[in-house]
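Participant: Predicted model follows, preceded by the sequence.
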Amino acid sequence: MSLGGHTRNAEKATLGSKLLDVNWGLVLLLASVAAIGFAMLYSAANGSVSPWASRQMIRFGVGLVAMLVIALVDIRVWLRQAYAIYAVALVLLIAVEVMGVTGMGARRWVDLGAFQLQPSEVMKIALVLALARYFHGIGHEEIGRPLLLIPPLVMVAAPVFLVLRQPDLGTALLIAAVAAVLFFQAGVRWWKFALVALATVIVVPFAWRFGLHDYQRDRVLTFLVPESDPLGAGYHILQSKIALGSGGVFGRGFMQGTQSHLSFLPEQQTDFIFTMLAEELGLLGCLVLVGLYLAILAYGFAISLRARNQFGRLVAIGVTTTFILYVFINIAMVTGLIPVVGVPLPLVSYGGTAMVTLLVGFGLLIGVFVHRDVPIPRRPDQLGA
Amino acid sequence: MAERRDGERQKTFTRRAALLGLGQLSLFGALAGRMYYLQVVEADEYRMLAEENRINIRLLPPPRGRILDRFGRELARNRPNFRVLLDPDEAEDLPLTLDRVSGLLSLDQATLARIEREMDRRRRFVPVTLVENLSWKDFAKINVNLPALPGVRTDVGELRHYPQGERMAHVVGYVAAVSEAELTGDPLLTLPDFRIGKNGTEKIFDLALRGKAGNSRVEVNAFGREIRELRRQEGEPGRDVVLTVDDALQRRLHGRLAAESAAAVVLDAHTGEVLAMTSTPSFDPGAFNRGLSTKAWNALRGNPRHPLINKTIAGQYPPGSVFKMVVALAALESGLITDGQSFFCNGKLKLGNHTFHCWRHRYGGHGHIAMREAIAQSCDVYFYEVAKRIGIDRIAEMARRFGLGEALGVELTGEKRGHVPSKAWKLATRGKPWLQGETLITGIGQGYMLVTPLQIAAMTARLATGNRIVPRLLREVVGEGEGSAGEAPSLGLSAAHLAIVREGMDLVVNGSRGTARKASLAGDVRMAGKTGTAQVRRISKAERLRGGKQAEGTPWELRDHGLFVAYAPAEAPRYALSLIIEHGGSGAKAALVAKELMEEVLRRDPLRRRAIGRLAARGVPEREKGGGSG
């Protein structure tokens, strides 16, 4: 590609022109989804901004600023720091293993004095960056060499193993899935995926027998037949389906949900907030929200296709996929399509870490767009810094 | 070069991104399909389930109806039960709260231990009862301090109370917690605190007393806690039940018999209304409601005097000589015997190898004796002769006409039928033919005959009126109208024959040689009656030689039962009475007690109160030593 024409040289772009270049349509979409979240949190607190909606708004505001800052930072900085960020995330994960805070029977948090951090969330972004950098450096021909796949596999395996140890099956699977998508998009050959799939089929029965905790096995089992134990482990799924289904096409009306307000829904402000939305706003409300998510998905794909460097493409597709998998897993979970794995609904569920993680991710995504035409050599040592 | 290679990569990336995008879109398609399925296809189903989730129907137990005596005195009522409950989920500091409650009420160790046990056992969100039956003062103490006792609630339940205690226990019965077998589908019965009539009129009229449950539709949250009431439907309170008994009379009767193991029934001779009915010893009906300890229960069960059994309807005794009026009437009605026809009593009657004795055999018998005097002096030989002539079938038929051998259907639980033997019965159950000797002993009310005190009271009322009197306890279920008390149908007996027997009964008490001559009433009212002695075991030869009387040293449980039936006034019968004193020795002794009871009955007669008034001034008559009777 030539340097002329519409291709701008972002290296020389000013902060102001970068700001203009920010994908404001995407920002508006994100804000819309978050606004729906505020409304649902307001309803979940029986018509009060405290304790959830107000804090969520502050977090979103802070996250939004962070997102823009990240978007405006030269994308090559992220490329350069990718492995370092990955290393920090890995150290934090190990820290959880060593000295993590236990909550709900699992160690997921590490206490950093001022706040608690969930390193597995950090790792989601860090791994995308690290893999994107690695595959950015692998040429189209080299990708076929099996030996070159060993480093990224190790990069994936280490955090997946650590997260599984916490134990957090849902996040581990999510990380593995996003990694698989990056391998796929990087051009790894089809037959290698087939091989891994085959290996999985063989390994799963053993993992089921020896690798899973009782509560994880229970979750999968009650998922298969939730009605068998309506007051026990199947309670959440059943109550969620009841609330969701009773919403009908038009819903019971904002703040009128009976099941969520009468505490039949577990954690209606976090993982099960979609159920509440479905009960109160009905199928139409659900479709509007899902439509917004799809629009964000479209933006993400468009940005990744528009990027002129492999790193940007992979970061964009990685962030988008992470986001979309969150959405899918959460909604599939509350509608009883998959087991309850405890994944929040992006931008809507109450919770700080997930919100920050996602907005950081979107910061990178927008950064990819802003720096879409920045040429990046394959070898990092050829970078200016 | 790098740009070209990147182009290849971009091509691959674009191709695969298209596939990936398609894959992700299909995920969303699956979600949309799922939502459509849940929210459109299955929406109605889930809406229904949601309502079931949300709406709880709370039963509102109706207040149980009262049981009243004939003058409106309360025999059973409801007392507020002040309770203190604790919702452990709402208590901020459970030990501290418990400590404070315990301090306010000075709870003992046993109570605290019970509370701890219940805490361990209870289901989530079900409150634990800390204390029940609090005094108003203690209850107020807790209520005042509620702000300092998070999680503690007070509530006023209902507790059945029997003001009369023991003396009405057998009439009123008692309530207790519902057992598994008693569940009929009435949702009220499933309420944890609900009590159901288990005995006596509490059981017979349980449905009327119970009332109908109201309900309250309440919105509840997932923990079953009420959020608000949506609709309330008041139930129907239980109806009051008015009985025929007179508590004041019952008190006198029960008080007089409290030391004995005895049963007495007083009937209105014309209507069959049970004016008093007492069975001693008795028990405290409230204990069943509060919950009886195993020890107390075993003590009641093991008592040889059977306090739990209402002897007036469930005690079955040989009638002894009180049966002789029935035999006499059977004889007169048969036409085989006339009232003037006399038989000679030399103290015994020989039949085959057997000798049947008269109670007076030691004194050489009664000599020539006809019907009236045979009743008055209770001559056994006379009735052997009569029975031999008329046969068992006529006796049995007459016994049934007088209500013996059948349940009279009084409104109580556990009524026994007694027994009137017949030839067919003996062949069927014993496989042996009826013997003539058995006819003879049936003629004096021994052998296979069994009666309850209620039956012989009804028998006496029938003798007194000639009508088919049926005893009943119910006056009225308030709001359902009074029970029809139509004139009882005639027994179809000849008035002349009845008069002969009544004259005999008059002579028992008022004749110079009557077996209960010492029991004639003070004052101007005459009582007619009949003594009876029911053998608990065969009389030994040694005893017979001593005159048939039991030795003074005979153990209590081997002494004969003393029976007496009576009606008064003799010339215009108003009241019928039966009395049995278990192991009371003899009918003559029972007659003396019956005399006191009948005087009490007459003293309370609303019409004769003034005339008899002076009796009250006389006080309790001295107890006389009675002679034996047959």
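Facilitator: Alright, I've got the coordinates. These figures come from a predicted structure and were not determined experimentally. Residues are numbered from 1 along each chain as shown, chains lettered A, B, ... in the order given.
Participant: going forward, measure contacts between C-alpha atoms and count neighbours the same way
Facilitator: Fine.
Participant: And what about residue 196, helix, strand or coil?
Facilitator: I went with chain A, as the question did not name one. For A:Val196, the assignment made with DSSP: H, G, I helix; E, B strand; the rest coil gives helix.
Participant: was after chain B, sorry
Facilitator: For B:Ile196, the secondary structure call by three-state DSSP comes out as strand.
Participant: Residue 34 is in what secondary structure piece?
Facilitator: Just so you know, I chose chain A. helix A:24-44 (DSSP states H and E).
Participant: To clarify, I was referring to chain B.
Facilitator: Using DSSP H and E, B:Arg34 sits in helix B:2-36.
Participant: In the helix holding A:Ala34, which residues are buried?
Facilitator: Burial within helix A:24-44, assessed by neighbour count using 16 or more other CA atoms under 10 Å in any protein chain shown, is assigned to A:26-27, A:29-31, A:33-44.
Participant: Next secondary structure element downstream of the helix holding B:Arg34?
Facilitator: Elements were assigned by DSSP H and E; along the chain past helix B:2-36, the next helix or strand is helix B:43-54.
Participant: helices or strands next to that following helix in the packing?
Facilitator: With contacts defined as 3 or more CA pairs under 8 Å, 6 or more residues apart in numbering or on different chains; DSSP states H and E, the packing partners of helix B:43-54 are helix A:235-247, helix A:258-261.
Participant: Out of these, flag the one nearest chain B.
Facilitator: Set against chain B and scored by CA to the nearest CA, the helices and strands packed on helix B:43-54 come closest in helix A:235-247, at 4.0 Å.
Participant: anything in that closest one near chain B?
Facilitator: Yes - interface with chain B: helix A:235-247 contributes A:Lys241, A:Ile242, A:Ala243, A:Leu244, A:Gly245, A:Ser246, A:Gly247 (CA under 8 Å from any CA of the partner chain).
Participant: Pull the distance from that helix to the chain's centre.
Facilitator: With CA atoms, centre = their mean, to the nearest Å as the basis, the distance from the averaged C-alpha position of helix A:235-247 to the chain average is 25 Å.
Participant: now do stretch B:398-410
Facilitator: The gap between the average C-alpha position of stretch B:398-410 and the chain average comes to 19 Å, counting by CA atoms, centre = their mean.
Participant: any low-confidence regions in the stretch 1-150 of chain A?
Facilitator: Low-confidence segments of the stretch 1-150 of chain A, defined by pLDDT under 70, are located at A:1-13, A:100-116.
Participant: residues contacting the residue of it found nearest chain B?
Facilitator: With CA to the nearest CA, the shortest gap between the stretch 1-150 of chain A and chain B falls at A:His140, namely 5.6 Å. With contacts taken as CA atoms under 8 Å, 6 or more residues apart in numbering or on different chains, A:His140 has the following neighbours: A:Gly187, B:Arg5, B:Asp6, B:Glu8, B:Arg9.
Participant: ok, 10 Å please
Facilitator: A:Ala186, A:Gly187, A:Val188, B:Arg5, B:Asp6, B:Gly7, B:Glu8, B:Arg9, B:Gln10, B:Thr12 (CA atoms under 10 Å, 6 or more residues apart in numbering or on different chains).
Participant: Would you agree it falls within a helix?
Facilitator: No - A:His140: not assigned to a helix; according to three-state DSSP it is coil.
Participant: now the angle from the longest helix anywhere in chain A to helix A:24-44?
Facilitator: When secondary structure is assigned using DSSP state H, the longest helix within chain A turns out to be helix A:273-306. For the pair helix A:273-306 and helix A:24-44, the angle between their directions (axes from the mean of the first three to the mean of the last three CA atoms, to 10 degrees) equals 170 degrees.
Participant: For helix A:273-306, name the packing helices and strands.
Facilitator: Contact analysis of helix A:273-306 by 3 or more CA pairs under 10 Å, 6 or more residues apart in numbering or on different chains; DSSP states H and E lists helix A:24-44, helix A:235-247, helix A:258-261, helix A:310-334, helix A:352-370, helix B:2-36 as its packing neighbours.
Participant: Out of those helices, which is closest to A:Pro151?
Facilitator: Among these, the nearest to A:Pro151 by CA to CA is helix A:310-334 (16.9 Å).
Participant: Report the distance from that closest one to the chain centre.
Facilitator: Put simply, helix A:310-334 sits 6 Å off its chain's centre (CA atoms, centre = their mean).
Participant: and what of stretch B:17-28?
Facilitator: Relative to the chain's own centre, stretch B:17-28 is displaced by 80 Å; criterion: CA atoms, centre = their mean.
Participant: pLDDT (mean, whole number) over it?
Facilitator: Predicted confidence along stretch B:17-28 averages 92 (mean pLDDT).
Participant: Would you mark the buried spots in it?
Facilitator: In terms of neighbour count (16+ other CA under 10 Å), stretch B:17-28 has its buried residues at B:Ala17, B:Leu20, B:Gly21, B:Gln24, B:Leu25, B:Leu27, B:Phe28.
Participant: May I see these organised as JSON lines, with distance to B:Ser494 added?
Facilitator: Below are those laid out as JSON lines (distance: CA to CA, whole Å):
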{"residue": "B:Ala17", "distance to B:Ser494": "117"}
{"residue": "B:Leu20", "distance to B:Ser494": "112"}
{"residue": "B:Gly21", "distance to B:Ser494": "112"}
{"residue": "B:Gln24", "distance to B:Ser494": "107"}
{"residue": "B:Leu25", "distance to B:Ser494": "106"}
{"residue": "B:Leu27", "distance to B:Ser494": "102"}
{"residue": "B:Phe28", "distance to B:Ser494": "101"}
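Participant: need these in JSON lines with distance to chain A, can you?
Facilitator: Supplementary listing: the buried residues of stretch B:17-28 in JSON lines, determined by distance: CA to the nearest CA, whole Å:
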{"residue": "B:Ala17", "distance to chain A": "7"}
{"residue": "B:Leu20", "distance to chain A": "8"}
{"residue": "B:Gly21", "distance to chain A": "8"}
{"residue": "B:Gln24", "distance to chain A": "8"}
{"residue": "B:Leu25", "distance to chain A": "8"}
{"residue": "B:Leu27", "distance to chain A": "7"}
{"residue": "B:Phe28", "distance to chain A": "7"}
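Participant: Of the helices and strands packed on helix B:43-54, which shows the lowest average pLDDT?
Facilitator: For these, the weakest mean pLDDT is recorded on helix A:258-261, namely a mean of 71.
Participant: what packs against that helix?
Facilitator: Contact analysis of helix A:258-261 by 3+ CA pairs under 10 Å, 6+ apart lists helix A:24-44, helix A:235-247, helix A:273-306, helix B:43-54 as its packing neighbours.
Participant: hey, C-alpha coordinates of that helix in CSV?
Facilitator: Extracted as CSV, the C-alpha positions of helix A:258-261 are listed here (Å, rounded to 0.1, in the frame of the first residue of the first chain):
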residue,chain,number,x,y,z
THR,A,258,-42.6,-9.8,40.4
GLN,A,259,-40.1,-12.6,40.4
SER,A,260,-37.0,-10.4,40.5
HIS,A,261,-38.4,-8.0,43.1
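Participant: and that helix, how far out from the chain's middle?
Facilitator: Centroid displacement of helix A:258-261 relative to its chain, using CA atoms, centre = their mean, is 28 Å.
Participant: relative to helix A:273-306, how tilted is the helix holding B:Arg34?
Facilitator: 160 degrees.
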